[in-house]
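S.K.: Would you be able to build a 3D model of this:
(chains A and B)
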Amino acid sequence: KAGVTQTPRYLIKTRGQQVTLSCSPISGHRSVSWYQQTPGQGLQFLFEYFSETQRNKGNFPGRFSGRQFSNSRSEMNVSTLELGDSALYLCASSATPGLGIQYFGAGTRLSVL
Amino acid sequence: AQTVTQSQPEMSVQEAETVTLSCTYDTSESDYYLFWYKQPPSRQMILVIRQEAYKQQNATENRFSVNFQKAAKSFSLKISDSQLGDAAMYFCAYRRAAGNKLTFGGGTRVLVKP
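M.R.: Okay, the predicted model is just below:
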């Protein structure tokens, strides 16, 4: 069974641009969560989706948004990029919220110049 | 809000020896889960061990075991017979019984000396 796939692995953008990151969960998993990892703030929860609905959202500005498609694949979008958005973005999937284990992808490393 | 604290930024251990990583958390919930995740240089977070708060018995997974003290809100990880492949960042994480949001500690870097 394939694991959680995140694309792209690396991304370089400039301030003011926008970016879209993709996450394909493990087959059969319907819950997807996103996290931001930085050296200063550590791992922080961004949002969680289940069956195309956002169930929970972390304390991030509105520039950060996400969505989930009917095939459970998820995207997150960051608009008007700032230098501080440089981070590793991790996606995790599980079968259903609150049950089972969350499996993580290898992440997307975003650098904002 | 729940918080998770790992007080040891870095721990060093000799190969084949034992190391214990500390984690404390704060919550008003009675039903929750605690996890230890490993993040090697490849960046992929790997689940090491999971503990359900309602279970008094400490979880074990091969060379990894936890000491769960619910009243003290403490959740330490013991790595026995350390191997070179155990070198990584280790994160303690908390999750409420419902939902998927994980709250992570700051991490502990484990170095394994041959």
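S.K.: per-residue confidence for the residue most central in space within chain B?
M.R.: Nearest to the mean C-alpha position of chain B, by C-alpha atoms, centre = their mean, lies residue B:36 at 3.2 Å. Looking at residue B:36, its pLDDT stands at 97.
S.K.: now do residue A:98
M.R.: Per-residue confidence (pLDDT) for residue A:98: 69.
S.K.: so where's chain A uncertain?
M.R.: A:1, A:97-99 (pLDDT under 70).
S.K.: How about the residues of chain A by chain B?
M.R.: Within reach of chain B by C-beta under 8 Å from any C-beta of the partner chain, chain A has these residues: A:31, A:33, A:35, A:42-45, A:48, A:50, A:55-56, A:58, A:88, A:90, A:92, A:94, A:97-98, A:101-107, A:109. C-beta coordinates here come from the backbone N, C-alpha and C atoms, glycine included.
S.K.: switch the cut-off to 7 Å
M.R.: Neighbours of chain B within chain A, by C-beta under 7 Å from any C-beta of the partner chain: A:31, A:33, A:42-43, A:45, A:48, A:55-56, A:88, A:90, A:94, A:97-98, A:101-102, A:104, A:106-107.
S.K.: what sits against residue A:26?
M.R.: When contacts are counted by C-beta atoms under 7 Å, 6 or more residues apart in numbering or on different chains, residue A:26 touches A:1-4, A:93, A:103.
S.K.: what kind of secondary structure is it in?
M.R.: Recorded secondary structure, residue A:26: coil (DSSP: H, G, I helix; E, B strand; the rest coil).
S.K.: how close does it sit to residue B:64?
M.R.: The gap separating residue A:26 from residue B:64 is 23 Å, by C-beta to C-beta, to the nearest Å.
S.K.: in chain A, which residue is closest to the centre?
M.R.: The centre of chain A sits closest to residue A:34, judged by C-alpha atoms, centre = their mean, with a distance of 3.5 Å.
S.K.: Dihedrals phi and psi, that residue?
M.R.: The phi/psi pair for residue A:34 (degrees, to the nearest 10) reads phi -120, psi 140.
S.K.: which residue packs closest to it, ignoring adjacent ones?
M.R.: Leaving aside its chain neighbours, residue A:34 sits nearest to residue A:46 (4.0 Å; criterion: C-beta to C-beta, 6 or more residues apart in numbering or on different chains).
S.K.: and after the helix or strand harbouring that neighbour, which helix or strand comes next?
M.R.: If you go by DSSP states H and E, residue A:46 is part of strand A:42-50. Using DSSP H and E, the helix or strand that follows strand A:42-50 in sequence is strand A:53-57.
S.K.: Okay, now the sheet partners of the worst-scoring helix or strand of chain B on mean pLDDT, with direction.
M.R.: Using mean pLDDT, DSSP states H and E, the weakest-scoring helix or strand in chain B turns out to be strand B:60-61, at a mean of 90. Within its sheet, strand B:60-61 is paired with strand B:64-69 (antiparallel), according to DSSP bridges.
S.K.: Can you show me the CA trace of the partner strand as PDB?
M.R.: Provided in PDB are the C-alpha atoms of strand B:64-69 (Å, rounded to 0.1, in the frame of the first residue of the first chain):
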ATOM      1  CA  PHE B  64      10.700   1.200  22.800                       C
ATOM      2  CA  SER B  65       8.600   1.600  26.000                       C
ATOM      3  CA  VAL B  66       6.900   4.400  27.800                       C
ATOM      4  CA  ASN B  67       6.300   5.400  31.400                       C
ATOM      5  CA  PHE B  68       2.900   6.900  31.500                       C
ATOM      6  CA  GLN B  69       2.100   8.700  34.700                       C
END
